[in-house]
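Asker: Sequence plus the predicted model coming up.
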Amino acid sequence: MTTNNNANQKEIIPDEQTKRISSLDSLRGLAVLGILLINITSFGWPKDAMESSTFIHDKGINFYLWYIFGHGVFEGSFRAIFSLLFGASFLIFIGRLEKKMGAQLSAEYFVRRQLWLLLFGLFNAFVLLWPGDILFHYAVCGVVLIAFRTTSAKYLIVASVVCLTLLTMRENKDLFDKKKIIVQGEKAALVDTSSVQLTWIQKESIREMNVLKNKYSLEENKKNREEKLYIFRSGYFTIYKYISDKSVSAETYGLYYFHFFDVLAYMFIGMALFKSGILQGDANLKLYGWMAAIGLSVGLTLSYQHLLPSLLYNFDNYAVLKHKPIEIYELQRYVRSIGVFGFIMLAYKSGWFKRFFNIIRPVGQMAFTNYLSQSVICVLIFYGFGLGLVGKLERYELYFVVLAIWFVQIVVSHIWLRYFRFGPMEWLWRSLTYSKIQPIFKVK
């Protein structure tokens, strides 16, 4: 048995470098660069400062360009594309191994691969101190895909829609639970206490309403902002204490409350698009055009409706909760992301932007390395044990940092892949997965 396993192991040295699908590498490159476009605000400022115009006072075109365009078009779109590409990568990985060693051993190698990915996610969250890490969630959710590897594209789409429905139900339950607190609290507050004594339930309703109102008050947000700026301008271990608590929450409560179905929704779509040839660029140009036209027109309309309450009530989240009729964050992001994907594939399929996609492709081949290096670079730029620039750059100035990081990653990716088969983290991940040092230098 040992001899057979060793023989099999010799046969499964990764040969993806010679069989790469260019459209997937180009998409992956755009996705990893686009993720930084959104993540940069979380590095550069506390979240409550960047999600409104209250703290940094950017009005007019500056506000509409960096907030509305960013949150209305790009927020979540590249993360969605990154997730659907993971679904496609799963099918490629498991499919190649199944041809060489059968379903059981291929699944075993994939689970081993996911366990190493989980450790990389923990490293990103607890050592590199990025609480927005997605690798941990990919590691957990990816294992689920094994049960769906033979599912048809049609039923994978159904599974994705089911995940979207559950997410939408969850976020609306949250919204209406808070609206209920506000309605009951305001009703109890109107009682004339000079003639009627409040019941315990009424007093509790008023208390819960006031807690909610205080949580979203401008004063509380300013206090939280100053506390977070102090923490992120401090040393490594002060930041670690704060970030580690956030990461634990994100990888326990956050995973099962939100990310599990969120990630799976896009992984299922990615598998469906790969099985139908759409992800590889094999579909008709008109299909990508329709995906872009319908996805963006409907998605951006929904995105506008999603952002409108915050704009109408000047980012007073208490008033937004009180008046917002329905929560459609997941729905608008889902539809919009399909539109963004269709638009990118339309550009790719047209052939007009061939040079652009050729420039981006190496970044996608080293997506794992580039994703982790973004954490390293941004931590050293913004955190207190580095340059300490957190809270010191205007919204538009953060995007100069993005452009600089993009330039570095594009140049380094091109140079690296002239001499090496894989990026350094890709090579390490493969070597750990197969328990065997993989060849990394290109054979000339």
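Answerer: Nice, thanks for sending it over. Residues are numbered from 1 along each chain as shown.
Asker: Can you point out the buried residues in the longest helix along the chain?
Answerer: Counting by DSSP state H, the longest helix found in the chain is helix 153-189. Using 16 or more other C-beta atoms under 10 Å as the test for burial, helix 153-189 gives 153, 156-157, 159-160, 163-164, 166-168, 170-171, 175, 178, 181-182, 184-185, 188. C-beta: built from backbone N, CA, C; applies to glycine.
Asker: Over to stretch 75-95?
Answerer: 75-91, 93-94.
Asker: How about stretch 185-204?
Answerer: Quick answer for stretch 185-204 (16+ other C-beta under 10 Å): 185, 188, 202.
Asker: Pick out whichever of the residues you listed sits closest to Glu226.
Answerer: Closest approach to Glu226 among the buried residues of stretch 185-204 (C-beta to C-beta): Gly185, at 28.1 Å.
Asker: quick one: the closest one and Glu208 touch, right?
Answerer: Yes - using C-beta atoms under 8 Å, Gly185 makes contact with Glu208 at a distance of 6.1 Å.
Asker: Surely Thr369 touches Trp429?
Answerer: No - using C-beta under 8 Å, Thr369 makes no contact with Trp429, being 9.6 Å away.
Asker: Looking at the two, which is more packed in?
Answerer: Neighbours per residue (other C-beta atoms under 10 Å) separate Thr369 from Trp429, with Thr369 holding more: 23 against 19.
Asker: wait, what's in contact with the closest residue to Val376 other than its chain neighbours?
Answerer: Leaving out its chain neighbours, the residue that sits closest to Val376 by C-beta to C-beta, 6 or more residues apart in numbering is Leu128, at 6.0 Å. Applying C-beta atoms under 8 Å, 6 or more residues apart in numbering, one finds that Leu128 lies in contact with 372, 375-376, 379.
Asker: tell me what the longest helix of the chain is packed against?
Answerer: In terms of contacts (3 or more C-beta pairs under 8 Å, 6 or more residues apart in numbering; DSSP states H and E), helix 153-189 is packed against helix 200-215, helix 260-275, helix 317-323, helix 329-350.
Asker: Now do it against helix 329-350, angle only.
Answerer: 150 degrees (axes from the mean of the first three to the mean of the last three C-alpha atoms, to 10 degrees).
Asker: re earlier: which ones among the contacts of Leu128 map onto helices?
Answerer: 372, 375-376, 379.
Asker: remind me which residues of the stretch 1-150 of the chain are low pLDDT?
Answerer: The model of the stretch 1-150 of the chain has pLDDT under 70 over residues 1-19, 47-69, 72.
Asker: Break down it into its helices, ranges please.
Answerer: Using DSSP state H, counting those that start in this stretch, the helices of the stretch 1-150 of the chain run over residues 2-11, 22-44, 47-50, 60-63, 69, 77-101, 103-126, 135-144.
Asker: Redo the ones you listed as JSON lines? Include distance to Met425.
Answerer: Shown next, in JSON lines, are those (distance: least, C-beta to C-beta, whole Å):
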{"stretch": "helix 2-11", "distance to Met425": "22"}
{"stretch": "helix 22-44", "distance to Met425": "12"}
{"stretch": "helix 47-50", "distance to Met425": "27"}
{"stretch": "helix 60-63", "distance to Met425": "36"}
{"stretch": "helix 69", "distance to Met425": "31"}
{"stretch": "helix 77-101", "distance to Met425": "15"}
{"stretch": "helix 103-126", "distance to Met425": "8"}
{"stretch": "helix 135-144", "distance to Met425": "11"}
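Asker: so which of the ones you listed comes closest to Trp352?
Answerer: Using C-beta to C-beta, the helices of the stretch 1-150 of the chain put helix 22-44 closest to Trp352, at 13.7 Å.
Asker: Spatially central residue in the chain, please.
Answerer: With distances taken as C-alpha atoms, centre = their mean, the residue of the chain nearest its centroid is Arg79 (3.6 Å).
Asker: didn't that one look like it was pressed against Ile35?
Answerer: Yes - if you go by C-beta under 8 Å, Arg79 and Ile35 touch, sitting 5.9 Å apart.
Asker: who touches both of the two?
Answerer: Counting by C-beta under 8 Å, 6+ apart, nothing touches both Arg79 and Ile35.
Asker: Turn the buried residues of stretch 185-204 into CSV, including distance to Leu398 and pLDDT.
Answerer: As requested, those are exported to CSV (distance: C-beta to C-beta, whole Å; pLDDT from 0 to 100):
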residue, distance to Leu398, pLDDT
Gly185, 38, 94
Ala188, 44, 92
Gln202, 47, 91
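Asker: Since that was my last question, I'll sign off now.
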